[in-house]
Each structure stands twice: as C-alpha cells, then as structure tokens.
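**Q** give me coordinates for this.
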Amino acid sequence: MDMTVSIKNHYTVKPATQTWRGRIPLTELDQVGIISHVPIIYFYKLSSPDSIINILRGSLSQILVPFYPLAGRLCLLGRGRMELDCNSDGALLVDAESKLRLDFSVPDFSSLSRSLAPHLLPRIDYRRVPLPEIPILLVQHTKFNCGAISVAVGISHTVADGRSVFHFISEWARVTRGEPVRVMPRFNDAEILRIINPYDSDPWQDPDKNFSSDPPILLFDPDSTHSSIDKTTEATMILTKNKVANLKIMANSDSNLNFSRYESIAAHIWRCACKARFQKPDDPTGLAVCIDIRNRLRQPALPQSYFGNAAFDFVVKSTVGEIISNPLTFATSKIRETVKKVTNEYVRYAIGYLKNQPDLTMFQDSLKALKRSDIVGVLSWLTFPSHDFDFVWGKVEFAEPGDRDFDGDCVILPGPENDESIVVRVRLQVTHMEAFKKYFHEDIHAAAYADRTGFKKRSSL
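**A** Residues are numbered from 1 along each chain as shown. Take a look at the predicted model:
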C-alpha cells in the first residue's frame, strides 16, 4: 500500500491582529516529562475539500489571537529550564495530499491510521533543529484520493496538557464554524503553580507517611534498572457497553465503593499486562495514572480554563503476585487509594520538590518516555470530546492519538459511534502482546459467565 504523502505548501500562520508580546515563565509542571509535540489526528469524510486549506488558514489566524502563546517560541534558560516567548512568530500549517483511498468501514482502520500517522504531521528533527526555532503549534491538512481529509494537530507538551490541547481544538473548530470563542484560555494563572516551597529547609517532605516519598515523575526515573529495549507492537481492542458493565461488576464484586469506568478498565489492563509479561510474583509492578490537579488545588484554586500543564503522573505500586492472585477489586482499590492521597498539600509538596531541583533535565525526555518494563501507563480520553470537532465539514470519523511508542503505554477513548463502547489502544513488547489479548478478552468472558451461573474461580479472576 502506497503511504506516500506529498507536501504541496507550507504556511506560517500568525495571529490575525496584534497580540501581547513578552515572555511568560513556565511552571515546573510545564518543564518536566515529554517536551516534544504530542499529536492528535482527525479523519473526516468529505466530497469537495479544495477550499479547506484557505478556511483553515483564516480560522487558525483568528484563533491565535486569544491563544497567542501558541504562536510563540520556547527559550532555553539552562539547566533544563525554559520560558515561553510570545513573539507572534506563528504556527506552521502544512498542506499535503495522498493518493491513498481510505475506507473507514474496515475493522482494522486503526492499524492503517497508525501506519499513516508519521506522514500526517509536520516532521521535526529534535536532534538537529534548536528548540527555540521550532513552532509550538504544528498543523497538517492532508487530502486523500477518495475525497477524505485528515487534520493533524501537534502542540508542544511544554505548553499544554491534554485538557488544554482539546480546549484549543474545540475553540478552533467553533471559530471555523463562525461562532465566538466559548471559554477563553487563562494563561496568567500560571503564578498559582509557581509557588514558594513552604518547606525550604527540606525541599521534599512526605505529606503522608503512607505515601511513597519518591520523586513524583516516576516514569522518568534515571536510576531505573527495568529498562526495555525490545521491539514493541500496538493492538486495538473494543469494549462494548456490555463488556464495560461486566468489568465494573468485576471491580465492585467485593466492594461498595462504586469504582468508575476508568478505574475498572485501568485495573483490568494492569492485571492482563502482569499476566502477559510472565513476571515473578515478587516482582514490582506499577500503574501510571495521570491526575488533573485543576480540581485539587485550594487557596487559591486553579480554574478549569487554565491553559498549560496541570497534570501529574503518579504510580500506583504493588507486586505482580498481589495483582494477579487477587480479584479485580484489589487493583481498583489500590488505584482509588493512591488517587485519594493526591491532595492539595501533596501537589504543593511535589511542585516544591521540582522547584528545588538544580537541574530539570533528568525529568525530561524530548522524544519519548523512559521505557519501563514494570510499568503500565493508562491515559484516559473518556472525559475529552475527542470526536466532536466539526470544522464545518462534518463529524470526525476517526481520531488517532499519534505517537505512543513505549512498552506499557495505553490510551482509552470513547468509541466513535457514541454507543458507550470504549476503544483501548495498548502497546507492549511483541513477545507479550498475544498473551495480553488472550487474557484481556477471556477474563471478561469468564467474569460474565461466573455472574450468570454464580460460579467464581478466584485464581483466574
């Protein structure tokens, strides 16, 4: 299959009117983790896309007025620290075309979209191009031979987390439809996160003696001995509404805590990965959970419209034996216990820890997260409007999360048909994937059978 994508033109799109110029200091949360562009690609059916590039150029120029930092550049300050220069240098918009004909009805369209993904967003060589020269916002429009199009958006993770990215795309779609911006972004609230560490004598104190006092960004642990360099592969599984219901029954079978969809699905993925990796019962294992702190900071609070990075990756810790031998309720309870401990006090201590680091480089990775064979990371898009971005040419047919390429990386997102199904995209080592898929489906089926017959086999569930 010919995956060739031809570039027709490049455009530098600047704000339609003059915007504020100057430098915005970045918070500690902006400057740790992945600092490259995190892409998302939307596919649309379309019959006559000839004028779309002009529509995108015009609306992008308009939306960059309220979202003016996305037209700026990053500045390096040394020791892993950066600032955001709001200089209106502009976003990069690429117009491209492909001879490929897309068929959204095929069951494995996700495999095709994954193969296409590297060709559908402007390519940036982070090793060769200095960071201050790279646009913060990258967009590519690609027209396919069948009339369909894709719109790919990549925003530097240094400037925006997932909620902020979806906020921008949603408002851009509204402006393209001729509607006003509904929720203005708040950039000036970054001062809330640039707090003075209240424990200057001890930059990292454990606010809860039962909580790990390790650094908060454990996915970037430079001392890890659990690195994996084996080849990985990705699989897509569909959880129907009934299967999600069965998982929630499994998760709540020995509890009255009413565990959520995310907790139930993440715990199931964690258990299946522990089984598929053929690890020893005493081996450590962890589930990385991304926690939005907009609802956790107090006095002052962080507004929901805050644009930036307001999320922490925390790791729920256990052993392989504990996760496998216990009912699913055990894993969901571990998730709930950890998330509950991420309080206003804990968040402020964690930020204080990062603030007191002489160099943030050890917490950064410009290309990918550190590979950890004992970790499973489950990112949820369930609360994001991933299929609702109508730019005047109809609904999204398919959303592709883009680069997710390390062992144990997983994203769960709502099904495209609004039927309460859930799509699970997981990446594991090639040698583990078939076993993972086997356990993923069989354990749910066994739980449904046990629920119907009253028979439970604790060792397998």
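**Q** mind naming the longest helix for this structure?
**A** helix 430-453 (DSSP state H).
**Q** C-alpha coordinates for that one, CSV please?
**A** The C-alpha trace of helix 430-453 is given here as CSV (Å, rounded to 0.1, in the frame of the first residue of the first chain):
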residue,chain,number,x,y,z
VAL,A,430,5.9,-8.2,20.7
THR,A,431,6.5,-11.3,22.8
HIS,A,432,3.8,-10.3,25.3
MET,A,433,1.0,-9.0,23.0
GLU,A,434,-0.8,-12.2,22.1
ALA,A,435,-0.9,-13.3,25.7
PHE,A,436,-2.3,-9.9,26.7
LYS,A,437,-5.1,-10.0,24.1
LYS,A,438,-6.0,-13.5,25.3
TYR,A,439,-6.3,-12.5,28.9
PHE,A,440,-8.0,-9.2,28.0
HIS,A,441,-10.9,-10.9,26.4
GLU,A,442,-11.1,-14.2,28.3
ASP,A,443,-11.1,-12.7,31.7
ILE,A,444,-14.1,-10.5,30.9
HIS,A,445,-15.9,-13.5,29.3
ALA,A,446,-15.1,-15.7,32.4
ALA,A,447,-16.4,-13.0,34.7
ALA,A,448,-19.7,-12.7,32.7
TYR,A,449,-20.1,-16.5,32.8
ALA,A,450,-19.5,-16.5,36.6
ASP,A,451,-22.0,-13.8,37.1
ARG,A,452,-24.7,-15.7,35.1
THR,A,453,-24.0,-19.1,36.8
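**Q** from the chain's centroid, how far away is that helix?
**A** 26 Å (C-alpha atoms, centre = their mean, to the nearest Å).
**Q** show the contacting residues for residue 18.
**A** residue 88 (C-beta atoms under 8 Å, 6 or more residues apart in numbering). Bear in mind the C-beta positions are built from the backbone N, C-alpha and C, glycine included.
**Q** three-state assignment of residue 62?
**A** helix (DSSP: H, G, I helix; E, B strand; the rest coil).
**Q** residues contacting it?
**A** 16, 175.
**Q** try residue 270
**A** Per C-beta under 8 Å, 6+ apart, neighbours of residue 270: 285, 287, 323, 331, 376, 378.
**Q** picking up where we left off before, any idea of the mean pLDDT for the longest helix of the chain?
**A** Helix 430-453 shows a mean pLDDT of 80 in the predicted model.
**Q** for that helix, packing partners?
**A** strand 232-239, helix 241-251, helix 261-276, strand 422-429 (3 or more C-beta pairs under 8 Å, 6 or more residues apart in numbering; DSSP states H and E).
**Q** show me the shaky parts of the stretch 101-250 of the chain.
**A** 189-192, 194-229 (pLDDT under 70).
**Q** what about the strands in it?
**A** Taking DSSP state E, counting those that start in this stretch, the strands of the stretch 101-250 of the chain run over residues 137-144, 149-156, 232-239.
**Q** quick revisit: quick check: angle from the longest helix of the chain to helix 261-276?
**A** 120 degrees (axes from the mean of the first three to the mean of the last three C-alpha atoms, to 10 degrees).
**Q** give me the contact list for helix 430-453.
**A** 230-233, 235, 237, 239, 242-243, 246-247, 249-250, 268-269, 271-273, 275-278, 424, 426, 428, 455-457, 460-461.
**Q** of those, keep whichever come out buried.
**A** 232, 235, 237, 239, 243, 246-247, 249-250, 268-269, 271-273, 275-277, 424, 426, 428, 461 (16 or more other C-beta atoms under 10 Å).
**Q** count the residues that sit near residue 418.
**A** 10 (other C-beta atoms under 10 Å).
**Q** could you say which helix or strand holds it?
**A** Using DSSP states H and E, residue 418 is not contained in any helix or strand.
**Q** ok, it to residue 175 distance?
**A** 24 Å (C-beta to C-beta, to the nearest Å).
**Q** okay, and for the stretch 301-450 of the chain, where does confidence drop off?
**A** 366-373, 386-388, 403-405, 447-450.
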